[in-house]
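Undergrad: Give me a model of this one.
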Amino acid sequence: MAEASSSKPRPKHLDLAKIRLPMPGIVSILHRISGAGLFLCLPLLVWLFGLSVGTPEQLETLRAVLGNVLVKLILLGLLWAFLHHFCAGIRFLLLDMHKGIELPTARLTAGVVLAVSLGLTVVIGVFTW
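TA: The predicted model follows:
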């Protein structure tokens with residue numbers, strides 16, 4: 001079987017620090033990271049929800065926990081993860097339907113996903129901080 005000729009030689013040793021991913025690749029990797037982060041932090045979210053619907057003492061515990069800046073930053077990160085995963089998921093569904101698969105459109109939609117997810121995180125984060 002003949003190998004396909006390429007204008008650039010393939011690297012022999014992949015140096016991940018030197019590889020520059022295109023915007024759609026970055027969005028794809030962040031989609032996977034955000035999904036994993038949401039899954040791994042699900043016990044924390046369920047625990048916080050349980051405190052919110054529990055007894056008045058548990059509600060005070062929730063207020064104390066949410067008063068911690070580190071917890072707020074974690075929840076802000078989870079908010080971004082949810083919004084990015086949602087927006088990127090819609091983009092991938094459209095790509096699966098062969099909408100926006102041209103290279104300029106794919107690059108544009110990848111940038112839109114990043115801008116919308118970060119923008120919504122800032123807007124919602126300001127209101128909930």
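Undergrad: low-scoring stretches of this structure, by residue?
TA: Within the chain, the segments meeting pLDDT under 70 span 1-6, 11, 13.
Undergrad: top helix in it by residue count?
TA: Secondary structure of the chain per DSSP state H: the longest helix is helix 69-96.
Undergrad: buried set for the helix or strand that that one is followed by?
TA: Downstream of helix 69-96, the next assigned helix or strand under DSSP states H and E is helix 103-128. By neighbour count on 16 or more other C-beta atoms under 10 Å, the buried set for helix 103-128 is Ala106, Thr109, Ala110, Val113, Leu114, Val116, Ser117, Leu120, Thr121, Gly125. Where C-beta positions appear, they are placed from N, C-alpha and C, glycine not excepted.
Undergrad: Which elements pack onto helix 103-128?
TA: Counting contacts by 3 or more C-beta pairs under 8 Å, 6 or more residues apart in numbering; DSSP states H and E, helix 103-128 is packed against helix 23-40, helix 69-96.
Undergrad: for the ones you listed, which one sits closest to Leu51?
TA: Ranking the helices and strands packed on helix 103-128 by proximity to Leu51 (C-beta to C-beta) places helix 69-96 first, at 11.8 Å.
Undergrad: got the buried residues for that closest one?
TA: In helix 69-96, counting by 16+ other C-beta under 10 Å, buried: 75-76, 78-88, 91.
Undergrad: try stretch 28-47
TA: In stretch 28-47, the ones that count as buried by 16+ other C-beta under 10 Å are Ser28, Leu30, His31, Ser34, Gly35, Gly37, Cys41.
Undergrad: shouldn't the third one be in contact with Leu83?
TA: No - counting by C-beta atoms under 8 Å, no contact exists between His31 and Leu83, whose distance comes to 11.6 Å.
Undergrad: taking the buried residues of helix 69-96 as a set, which two sit the farthest apart in space?
TA: Longest span within those, C-beta to C-beta: Leu75 and Arg91, 24.5 Å.
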